[in-house]
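S.K.: Sequence isn't available, so here's the structure alone:
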Ligand SMILES: CC(C)(COP(=O)(O)OP(=O)(O)OC[C@H]1O[C@@H](n2cnc3c(N)ncnc32)[C@H](O)[C@@H]1OP(=O)(O)O)[C@@H](O)C(=O)NCCC(=O)NCCS
């Protein structure tokens with residue numbers, strides 16, 4: 001039997017400038033536009049980690065903590081923080097680059113779950129995650145809590161979840 005590969009995960013960073021067509025009439029960036037950027041950055045992190053084709057299965061704990069405005073420079077950072085068999089949970093944070101002394105200000109956080117596929121679109125095993133730093137341990141434990149919370153929530157509404165299968 002072949003051993004499952006193990007590896008560390010690497011943070012993927014994308015940068016964007018916020019344009020007027022991405023915002024409401026008051027200059028505040030649309031949440032959906034931001035989620036699209038976060039989703040594609042999370043996918044890049046999952047592809048880089050697994051070396052496979054991936055698809056987003058769900059998004060949990062989207063927290064829009066601070067608004068983003070037209071003209072802001074935003075940095076999106078995504079990293080695999082927890083893996084299952086074929087699934088990867090990717091913590092994705094968006095920072096506004098304020099420049100000067102203020103630096104990066106955290107605006108939005110979400111946890112995306114992506115599934116790796118083979119050529120026939122069957123879920124396929126991803127490497128086991130090696131956790132090295134205290135920060136990685138903290139993010140892994142938070143992701144575990146989110147996953148377990150989702151499991152309990154879906155258990156409570158099993159009759160609804162079943163209808164989706
Ligand atoms: C995601 C998808 C492949 C899961 O298919 P499925 O038949 O439920 O697959 P499986 O039951 O074999 O589960 C595969 C893995 O996905 C995970 N998974 C499935 N549905 C999930 C959900 N809603 N949330 C989180 N994880 C999920 C399972 O827990 C399993 O993880 P594991 O291998 O680490 O244990 C399927 O629902 C799909 O293709 N969805 C559409 C994806 C899409 O179009 N995304 C948007 C564009 S990228």
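M.R.: Looks like it arrived, so ask away. Everything numeric in this text was worked out from a predicted model, so none of it was measured. Residues are numbered from 1 along each chain as shown.
S.K.: In the protein, which residue sits nearest the ligand?
M.R.: Closest approach of the chain to the ligand (C-beta to the nearest ligand atom) occurs at residue 84, with a separation of 2.3 Å. No exception for glycine: its C-beta is placed from N, CA and C like everyone else's.
S.K.: quick one, phi psi at that residue?
M.R.: In terms of degrees, to the nearest 10, the main-chain angles of residue 84 are phi -100, psi -130.
S.K.: what does the lowest-mean-pLDDT helix or strand in the chain contact?
M.R.: In the chain, no helix or strand scores lower on mean pLDDT, DSSP states H and E than helix 158-163, which sits at a mean of 81. Applying C-beta atoms under 8 Å, 6 or more residues apart in numbering, the contact partners of helix 158-163 are residue 154.
S.K.: ok, stretch 47-57 near the ligand or not?
M.R.: Yes: Stretch 47-57 reaches the ligand (C-beta under 6 Å from any ligand atom) through 55-57.
S.K.: buried ones in the helix ranked longest in the chain?
M.R.: Scanning the chain for the helix with the most residues, using DSSP state H, yields helix 134-156. Buried residues in helix 134-156, counted by 16 or more other C-beta atoms under 10 Å: 136, 139-140, 142-143, 146-147.
S.K.: Quick check: nearest residue in space to residue 69, chain neighbours excluded?
M.R.: residue 27 (5.1 Å; C-beta to C-beta, 6 or more residues apart in numbering).
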